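Participant: the sequence isn't on hand, but the structure is:
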């Protein structure tokens, strides 16, 4: 095996045709000469978990929300003893991250502070989580309630007779600022619980590994999971709709349907059909407010929700109707999973030293407590909150296009959000005065250039990592969430080919089992229809929105994810062997190749060419 | 009353009547484990031989090993001769006939309690394998009775301050014509992990493995989930098989297609793990046992308490830390090598 070093970020060249890309992103988010020495000396890895593709300028907020919030809660609020935040840089349109350790000399003092502060949260977790849900759902409603409709030629007379006292122009400026602020605020809440939740989970993991050195990661997870978690509710609703379709005897028409709207129109002509359609629409809010990003949900504005494209959830309903007719059980065996969970936990407990058992009980209880949050926040924030933000942003873009600030609504997404605020002011000022903004004429050439640059960046294959590789990866988030370990780094540094010519990809054993089968590389949820029975799914990451095909596939291989990642959790829930966090499976494996997936050891072998 | 106790789930576990080894086998049967068919001959006393042979009390610490050996041989010869007419031998004959036509059997001493030397070493006079035919079986039984007075047994008792005063029971059990055989341990001997069962196997009979002559296949299985965590397949070039004439054992070459193949199927592994867990639960401590696999399936040959890791209590991980303290301990250690050791 040859080895190579990761390049210095300052040595990376701009892809041809992308010159000037730096203007598309906020200056503080880029590598800069002023902090060159510091940045060159750090290890950066490309965040394929959250952002496998290049970023639109407007979408940059997705990164910045967690850049600030994750850091503040670690560094300044809970004083996470060994860790500060996770730093970020954008390079050629891709996000690179670098965990920042706390100064070694401060760790002991921070541990004391953390002990006091985190204990308070652990001890009052149930109550705090209830409060948390209320806070977040209130912010969600606040964003939903914002009004981004185009400015009227004449204000409705209610503004006068109700003494409102503000113009719609002001309302538009304020709405946009409020929406941005609300996202920052929501992310404060996101990390209020996440870091300390992970700390508890990581501790439970570490304990089990020390007490039982050979215990597989997924066995530990089985002691914690199986609980009712809202995240699986959208899929459960699809199953329910399938059962209802059979009960109302409209299953045949659903199986024949190819277009959702056409189906709804057709069904509405009968009483039973209309009942089913009404059920669908009622269910759709909020359970179809579900993002379909190939990776981490909500990361980009460009992917539809189930609400945007009902054909996606309809495909699942069709699948479920078929399975019902074949007599297959639809429901996840939660009773069984819980029974197994308790059996496994009880039996390992018996094998512990008696001195450890009381603390084990505490840790299991705490891990189960935080696990609900770790899972559910994905629904509330990554799905509902971001889906709502993107939807409202698109409403704004449509209004601005209608008011000729942009030629096309999609243009808005090529502006940085600060530029969008400026564009709104330009629009509002012109509307207020009754003349014309600089608007589309000003932005047109800029946007045209940026669209070209974006195409080049999105086609570009970025380096997996930059800077000096660490001797050892030990930061908990890096390992548990991103799935990057010391071995992963070695893998990136080494050649792909094994000595005996067998091509192997190494990842993390996400869910147990060994299978062989033909690979099916899928990058987007719209490609799921092509998956055939017995295929091995190879994808950037899986998510519950892909669950209809889980009954068809033999195993999953994903680019991103650690044991705590969504892909691993979902595969364990559905009993599929999985290797996660391979880094480059989608780029390396070809559809049709026979591959072996070993979910016990985390190795994927390409068996033929 | 007959001298014979058949090894069966209904047999009373009476160590005085069965000796240690016999009692162990009956306990296995009572626990519902598959053991090779067999019976235990109740202890026979030979106080007369003892009185006749021993002039001076051989308890003196000054007796050399050679002297011990001489005394031992005299005692054993005396016992053997006097045992010829014992009525118990009629019971043995009837029982052996019930086992089947000239079945090859193992005939082994089963001492009780204070007369039982350290389990870990097989004696040269107390265990006879692949014995066939009634005459040979009766001779083997008589030799086992005499093995109460091996030099080793005398030496053992000598340091305890006396002669063996008990009597020897004998186990007679059908030999397993093993396709594969091995050992299991209900913890991982590499690290003491009590959540694992470790199985080592070879093709054929288990003797070469037990005596450390060959490199076996090794399987590490999680007790709680049944998952096979590690598989190490050895290159198994030779195996011990029954001599074609039915007595004794020969070493032969393993057929080429099996040398690198696993000597146990996953189903067999699961069965052995199930047996091992059952025994451990019944005995209440980690076990170290032997098994063999033939047409009838998996059979347990013997088991005894594991002695290395079990002597220490399981090492605690938390050292009395509460959950919060454990969290701090984990996250402060996880960050960097060279972080100060947590003094708690």
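Facilitator: Yep, that arrived. Model, not experiment: these values are computed from the prediction.

Participant: name the SS class of the most centrally placed residue in chain B, please.
Facilitator: In chain B, the centroid-proximal residue (C-alpha atoms, centre = their mean) is residue B:302; its distance is 4.1 Å. The local conformation at residue B:302, judged by DSSP: H, G, I helix; E, B strand; the rest coil, is strand.

Participant: chain B versus residue A:5, what's the distance?
Facilitator: In this view, residue A:5 and chain B are 22 Å apart by C-beta to the nearest C-beta, to the nearest Å. In short, each C-beta sits where N, CA and C put it, glycine included.

Participant: list the contacts for that residue?
Facilitator: A:468-469, A:493 (C-beta atoms under 8 Å, 6 or more residues apart in numbering or on different chains).

Participant: neighbours around the residue in the stretch 1-150 of chain B that chain A sits nearest to, how many?
Facilitator: Using C-beta to the nearest C-beta, the single residue of the stretch 1-150 of chain B nearest to chain A is residue B:31, 18.2 Å away. Residues within reach of residue B:31, counting by other C-beta atoms under 10 Å in any protein chain shown, total 17.

Participant: now it, nearest residue through space, not along the chain?
Facilitator: The spatially closest residue to residue B:31, leaving aside those adjacent along the chain, is residue B:282, at 4.4 Å (C-beta to C-beta, 6 or more residues apart in numbering or on different chains).

Participant: got it, and residue B:315?
Facilitator: Nearest non-adjacent residue to residue B:315, counting by C-beta to C-beta, 6+ apart: residue A:353, 6.5 Å away.

Participant: now for residue 318: which residues touch it?
Facilitator: Just so you know, I chose chain A. Counting by C-beta under 8 Å, 6+ apart, residue A:318 touches A:254-255, A:257.

Participant: other chain: chain B
Facilitator: A:207, A:355-356, A:359-360, B:326.

Participant: mind putting those residues into a markdown table with secondary structure, distance to residue A:449 and pLDDT?
Facilitator: Compiled in a markdown table, the contacts of residue B:318 are given as follows (DSSP: H, G, I helix; E, B strand; the rest coil; distance: C-beta to C-beta, whole Å; pLDDT from 0 to 100):
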| residue | secondary structure | distance to residue A:449 | pLDDT |
| --- | --- | --- | --- |
| A:207 | helix | 55 | 93 |
| A:355 | helix | 67 | 90 |
| A:356 | helix | 63 | 94 |
| A:359 | helix | 60 | 95 |
| A:360 | helix | 60 | 96 |
| B:326 | helix | 56 | 93 |
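
Participant: now those residues: which count as buried?
Facilitator: Buried members of these, counted by 16 or more other C-beta atoms under 10 Å in any protein chain shown: A:207, A:355-356, A:359-360, B:326.

Participant: which one among those gets closest to residue A:554?
Facilitator: The closest of the buried ones among the contacts of residue B:318 to residue A:554 turns out to be residue A:207 (C-beta to C-beta; 33.3 Å).

Participant: just to revisit the earlier point, correct me, but the residue nearest to residue B:315 touches residue B:320?
Facilitator: No - at 10.8 Å, residue A:353 does not count as touching residue B:320 under the criterion of C-beta atoms under 8 Å.

Participant: find the nearest non-adjacent residue to the residue nearest to the centre of chain B, please.
Facilitator: residue B:290 (5.4 Å).

Participant: how many residues are close by the one you found?
Facilitator: Here the number of neighbours of residue B:290 (other C-beta under 10 Å) works out to 18.

Participant: need phi/psi at it.
Facilitator: Torsion angles at residue B:290 (phi, psi; degrees, to the nearest 10) stand at phi -120, psi 150.

Participant: could you list every residue that touches it?
Facilitator: Residue B:290 makes contacts with B:181-184, B:206, B:210, B:300-303, as judged by C-beta under 8 Å, 6+ apart.

Participant: and for residue A:532, the neighbour number?
Facilitator: By other C-beta under 10 Å, 12 other residues sit near residue A:532.

Participant: and residue A:307, what does it touch?
Facilitator: So residue A:307 contacts A:284-285, A:288-290, A:387 (C-beta under 8 Å, 6+ apart).

Participant: give me the buried entries from the contacts of residue A:318.
Facilitator: If we count by 16+ other C-beta under 10 Å, the contacts of residue A:318 have these buried: A:254, A:257.

Participant: the closest residue to residue A:170 other than its chain neighbours and chain B, how far apart?
Facilitator: Nearest non-adjacent residue to residue A:170, counting by C-beta to C-beta, 6+ apart: residue A:428, 7.6 Å away. Taking C-beta to the nearest C-beta as the measure, residue A:428 and chain B are separated by 49 Å.

Participant: state the pLDDT value of residue 333.
Facilitator: Unless you meant another one, I'm taking chain A. At residue A:333, the pLDDT value in this model is 75.

Participant: should've been chain B
Facilitator: Per-residue pLDDT puts residue B:333 at 69.

Participant: check residue A:451 too.
Facilitator: What the model reports as pLDDT for residue A:451 is 98.

Participant: count the neighbours of residue B:283 for me.
Facilitator: Per other C-beta under 10 Å, the neighbour tally for residue B:283 reads 17.

Participant: got a pLDDT number for it?
Facilitator: 89.

Participant: list the contacts for the closest residue to it other than its chain neighbours?
Facilitator: Sequence neighbours aside, residue B:305 is the residue nearest to residue B:283 in space, at 6.9 Å (criterion: C-beta to C-beta, 6+ apart). Neighbouring residues of residue B:305 by C-beta under 8 Å, 6+ apart: B:283, B:285-288.

Participant: and what of residue A:75?
Facilitator: A:84-85, A:100, A:102.

Participant: and the gap between it and chain B?
Facilitator: Applying C-beta to the nearest C-beta, the value for residue A:75 to chain B is 14 Å.

Participant: swap in residue A:239?
Facilitator: With C-beta to the nearest C-beta as the criterion, residue A:239 and chain B are 28 Å apart.

Participant: and for residue A:153?
Facilitator: Distance from residue A:153 to chain B, counting by C-beta to the nearest C-beta: 60 Å.

Participant: which SS class is that residue?
Facilitator: Three-state call for residue A:153 (three-state DSSP): coil.

Participant: go on, the one 3 residues further on?
Facilitator: Of the three states, residue A:156 takes coil under three-state DSSP.

Participant: and it, how many neighbours?
Facilitator: 11.

Participant: quick check: domain ranges of the chain?
Facilitator: Since you didn't name a chain, this refers to chain A. Domain ranges of chain A: A:126-193+A:369-457, A:483-606, per automatic domain parsing.

Participant: hmm, no, I was thinking of chain B.
Facilitator: B:4-174, B:180-305.

Participant: still on that earlier bit, out of the domains of chain A, which is the most enclosed?
Facilitator: Greatest average neighbour count among those goes to domain A:483-606 (a mean of 21), per mean count of other C-beta atoms under 10 Å in any protein chain shown.

Participant: looking at chain A, which helix or strand does the model trust least?
Facilitator: helix A:566-574 (a mean of 65; mean pLDDT, DSSP states H and E).

Participant: next secondary structure after that one?
Facilitator: Downstream of helix A:566-574, the first helix or strand assigned by DSSP states H and E is strand A:578-580.

Participant: what element comes up after that next one heading to the C-terminus?
Facilitator: helix A:585-588.

Participant: which strands and helices lie in contact with that following helix?
Facilitator: strand A:503-506, strand A:536-539 (3 or more C-beta pairs under 8 Å, 6 or more residues apart in numbering or on different chains; DSSP states H and E).
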